[in-house]
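> sequence first, then the predicted structure:
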Amino acid sequence: MDVMPLLLLVAGSAAVSAAARRTPVPAPLLVVAAGLAVSYVPGVPVYTLDPHIVLPLILPPLLYTAAIDSSYLGLRAQLRPVALLSVGYVLFATFVVGWALYLLVPGLSLTAALVFGAVVAPPDAVAATAVARRVGLPSRITTILQGESLLNDATAITAFRVALAAAVGEGATWAGGIVAFLLAAFGGLVCGLVLMVPLHWLRTHVKEALLQNTLSLLIPFVAYAAAEQVHASGVIAVVVVALHLGHRAWEVDFATRLQEGAVWRMVAFVLEAAVFALIGLQLPIVLKGLGEYAGAEAVWYALAVFAVVVVARFVWVYPATFLPPLLSARIREREGRPGWKSPFVIAWAGMRGVVSLAIAFSIPLAAGGADFPQRSLLLFLTFTTVIGTLVVQGLTLPPLIRLLKIPGRDIQAETLAEANAQAQASRIAEQRLDELLSDERNALPAPLADRLRTVLERRRNAVWERLGQANPVTGESVDDTYRRLSREMISAERDVFVRLRDARYLDDEMLRTLLRRLDLEEAAAYRETA
C-alpha cells in the first residue's frame, strides 16, 4: 500500500491551514482553494472521497471533538431552536431542494431529486465550528449552530437512505420512511445512553493517563460502530456519549485532561485540514463524469441549486424563530421577542461540507441493473453547492456580522463572573487548608505552609488583575507581565540545565526530569493567568 499520497495530503493540508492563521481568510476556505488549485497540477495523486472511509472513520472523531467541547447545559437551554434546525430544517430542505431540482432538470425522477435534497440538506459541523470560532459569534448563536451541526447529519443520512431506497425501487413509503427515521434516532439515543455510563466509568477507573487517552481515541469509533451495527444512528450515539463525557470531564484526573486536550486538538486540526483539502481535490473526479451536462447547462443548474439552498434556509429560519414566541406567552416571557439580526446570521451560516460530498459519493453507480439516474450531475451539483456555500457564505459572514453590529461575547462580564467564582473557590480552599494544617498529622514548616497560601492568593488575584489597567509603558496587563517574567526565569534555568548536560555534569535522563519539572511550572504559570 502506497502511503505517500496520504502523507502528502496530511502534510500539505496542515501546512496550508497553519499558514491561513496568519491571514484574515478562514483556514477552511484557504485549504479548499489550495485543494482546487492543486487538483490540476501534473503528477498530483487522484484522491477519491470514499464514503466508506469518511463516514465511519473521519466523521466520528470530528463529531466527538466538537461535541465534547460543547455545553450540555447550553444545548439543553437551546433545545427548541436546535431541534427545529437539525430535524425540521433538514427535512424541509430535503423536500424543497429536491422538488426544485425535479422541476429544473428534465427527465429527473422525483425520488432521485429527493436523494440530492437529502445530500445537501445538512450544514457541516466542521465548517460551522471553524467559522464560529474565527468570527467570535455570541454564545447563544454559537451554541445553536454547533448543536444543529452535531445532530443534523443523522437526519440527513436517514432521509438519504429512505429516498435512495425509493429511487432504486426497493418499495420505500412515506410511512416507512418516518418509521425508519424515528427508529434510527431513538436507537442512536439509546445506544449513546447505554454506552456513556460504562465508558465514563472506565475513564475514571483507568489510572494510567496513557491508557485513558488511548480509550478516548477509541470512544467515537466504538459508539458509532455499535449504533450502526443495530441500524441506529451512529451520529447521535457519538454526540450523546461525547456530551456526557464532556459534562463529567471534571471527574477525570488532571493528567488525562491535559494530555487529552492536546491530543484531540491535534487530531481535530489534522482531520479538519485534510477534510477541506479533500473537498477541493474532488473537482477533477466530479467533472470527469459530467458527460452530456458539461457546459453552460450544468453551470445554470449549479447557480439555481445554490440559490434555492440559500433561500430555503431563510424561509425556514425566520418562521422557526418568530412563530414560537408569537404562539406561546410562556416563551415570550422567558426569551422576549427576538430581533431580526441573529436569525439572519444563523440563516447565512449554512455552509455545507464533507458529509454532503461523502453521502453523494455513496450514491450507487447502478441500481436494479440500470445506471442511477443522473448520478454524475448530482455529484457535480453537490460539489458546487459545497464550494459555493463555503466560499460565498464563509467569506462574507465575518463582514456581515460587523455590518449588522452583532455584539460579540462580553469579555468583561465573563471575566467578572470568573473572578467571582474563583474568589468563592479560593475562600473554601483556604478554609480547607486551615482545617488540614490544624491537624498535627499535616504539620508543615511555616515557609511551605505560606507557599500554599501564596499560590492560592495568586490564583485568586490573577483574574481580578485582568480587569485592571494595562502597563502604560508596554501595554501589557499585569498577568501578561507576570507570565512573561516567569517564562524568562524558567528559560534561564533551562539554559543552565542544558549547559550542565553538555558539560557531562548531568546525564540525559536527569535533564529530561528537570526539564519536565520546568515545563509543568511554566504551564502552571500560564494557566494561573490565562
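Everything's here; your move. Residues are numbered from 1 along each chain as shown.
> tell me the contacts of Pro96?
Just so we're on the same page, residue 96 is Val rather than Pro. Shown in contact with Val96 (Cβ atoms under 8 Å, 6 or more residues apart in numbering): Gly117, Val308, Ala312, Val315. All C-beta spots, glycine's among them, are computed from the backbone N, C-alpha and C.
> number of nearby residues for the first one?
By the criterion of other Cβ atoms under 10 Å, Gly117 has 31 neighbours.
> among the contacts of Val96, which are in helices?
Among these, DSSP state H puts Gly117, Val308, Ala312, Val315 in helices.
> against Val87, how distant is the nearest residue to the third one once chain neighbours are set aside?
Using Cβ to Cβ, 6 or more residues apart in numbering and skipping the chain neighbours, the partner closest in space to Ala312 is Val96 (4.6 Å). Remark: distance between Val96 and Val87 (Cβ to Cβ, to the nearest Å) = 15 Å.
> Ala255 now?
39 Å.
> could you look up the SS state of Arg337?
Judged by DSSP: H, G, I helix; E, B strand; the rest coil, the three-state class of Arg337 is coil.
> report how many residues lie close to it.
9.
> likewise the one 5 residues further on?
By the criterion of other Cβ under 10 Å, Ser342 has 18 neighbours.
> can you tell me the helix or strand for it?
Taking DSSP states H and E as the criterion, Ser342 maps to helix 341-348.
> where's that helix relative to the chain centroid, distance-wise?
Helix 341-348 sits 19 Å away from the centroid of its parent chain (Cα atoms, centre = their mean, to the nearest Å).
> picking up where we left off before, quick one, which of the contacts of Val96 are buried?
Using 16 or more other Cβ atoms under 10 Å as the burial test, these include Gly117, Val308, Ala312, Val315 as buried.
> export these to JSON lines and append columns for distance to Leu110 and pLDDT.
Converted to JSON lines, the buried ones among the contacts of Val96 look like this (distance: Cβ to Cβ, whole Å; pLDDT from 0 to 100):
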{"residue": "Gly117", "distance to Leu110": "10", "pLDDT": "95"}
{"residue": "Val308", "distance to Leu110": "15", "pLDDT": "97"}
{"residue": "Ala312", "distance to Leu110": "17", "pLDDT": "96"}
{"residue": "Val315", "distance to Leu110": "20", "pLDDT": "96"}
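> Gln393: which of the residues you listed is nearest?
Gln393 has its nearest neighbour among the buried ones among the contacts of Val96 in Ala312, at 13.5 Å by Cβ to Cβ.
> got the contact list for the next helix or strand after the helix holding Ser342?
Note on helix 341-348: by DSSP H and E, the next helix or strand toward the C-terminus is helix 354-361. Helix 354-361 is contacted by residues 48-51, 54-55, 58-59, 116, 118-120, 122, 124-126, 153, 156-157, 160, 275-276, 278-279, 282, 378-379, 382-383, 385-386 when judged by Cβ under 8 Å, 6+ apart.
> quick one: buried ones out of these?
49, 51, 54-55, 58-59, 116, 118-120, 122, 124-126, 153, 156-157, 160, 275-276, 278-279, 282, 378-379, 382-383, 385-386.
> in helices, which of these appear?
51, 59, 116, 118-120, 125-126, 153, 156-157, 160, 275-276, 278-279, 378-379, 382-383, 385-386.
> quick one: the strands in this protein?
When assigned using DSSP state E, the strands of the chain occupy the ranges 366-367, 370-371.
> what's the average pLDDT for the last one?
For strand 370-371, the per-residue pLDDT values average out at 54.
> next, count neighbours for Leu199.
Neighbour tally, Leu199, other Cβ under 10 Å: 20.
> residues in contact with it?
Applying Cβ under 8 Å, 6+ apart to Leu199 gives the contacts Leu215, Ile219, Val222, Ala223, Val241, Leu245.
> now the second one: how far from Leu245?
The reference is to Ile219. Per Cβ to Cβ, Ile219 is found 7 Å from Leu245.
> right, I'll leave it there.
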